[in-house]
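In: Quick one, what's the 3D model for this:
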Amino acid sequence: MKHDQTAKTIHAALTKQLQPAYLEVINNSAAHKHHTEAKKNPDQGHFSIHISAECLPTGHLNQHRAINSIIKQFQAKIHACEINIVDGKESD
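Out: Residues are numbered from 1 along each chain as shown. Predicted coordinates for the structure are as follows:
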């Protein structure tokens with residue numbers, strides 16, 4: 001599936017820039033395939049990012065900005081992206 005490749009590309013970019021202890025990028029596009037926007041823009045996918053906090057700046061807004069600044073290069077392929085910052089306990 002084309003969105004699986006996008007998820008891998010996002011994962012590689014975040015790994016290269018941030019080197020997190022824990023990172024998971026999930027392609028959730030199949031759950032949204034019947035939505036009107038998904039049908040209009042089939043090249044755009046839905047993704048979920050779970051990343052450990054230690055590699056990010058402090059503050060929720062700054063953490064999201066750091067991630068968004070890296071993945072913005074893929075915005076033509078992203079319709080929606082959920083970002084979850086996890087602490088060390090959740091990533092074990």
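In: Can you find the helix or strand of the chain with the lowest average pLDDT?
Out: Least confident helix or strand of the chain, by mean pLDDT, DSSP states H and E, is helix 36-40 with a mean of 60.
In: buried set for whichever helix or strand comes after that one?
Out: Heading C-terminal from helix 36-40, the first helix or strand you meet, by DSSP states H and E, is strand 45-52. Of all the residues in strand 45-52, those buried under the rule 16 or more other Cβ atoms under 10 Å are Gly45, His46, Phe47, Ile49, His50, Ile51, Ser52. In this view, the C-beta of every residue, glycine as well, is placed from N, C-alpha and C.
In: Name the residues that touch the following helix or strand past strand 45-52?
Out: For strand 45-52, the following helix or strand on the C-terminal side (DSSP H and E) is helix 60-71. Contact partners of helix 60-71, identified using Cβ atoms under 8 Å, 6 or more residues apart in numbering, comprise 10, 13-14, 17-18, 49, 51, 53, 56-57, 78, 81, 83, 85.
In: Now stretch 56-69: buried residues?
Out: For stretch 56-69, the buried set under the neighbour-count rule, 16+ other Cβ under 10 Å, comprises Leu56, Gln63, Ala66, Ile67.
In: low-scoring pLDDT stretches of this structure, where are they?
Out: Within the chain, the stretches with pLDDT under 70 are 1, 30-44, 88-92.
In: burial of Ile10, as a residue count?
Out: Counted by other Cβ atoms under 10 Å, the residues lying close to Ile10 total 24.
In: I figured it hits Phe47, correct?
Out: Yes: counting by Cβ atoms under 8 Å, Ile10 does reach Phe47; the two are 6.5 Å apart.
In: Now for those two: what residues contact both?
Out: Joint contacts of Ile10 and Phe47 (Cβ under 8 Å, 6+ apart) are Val25.
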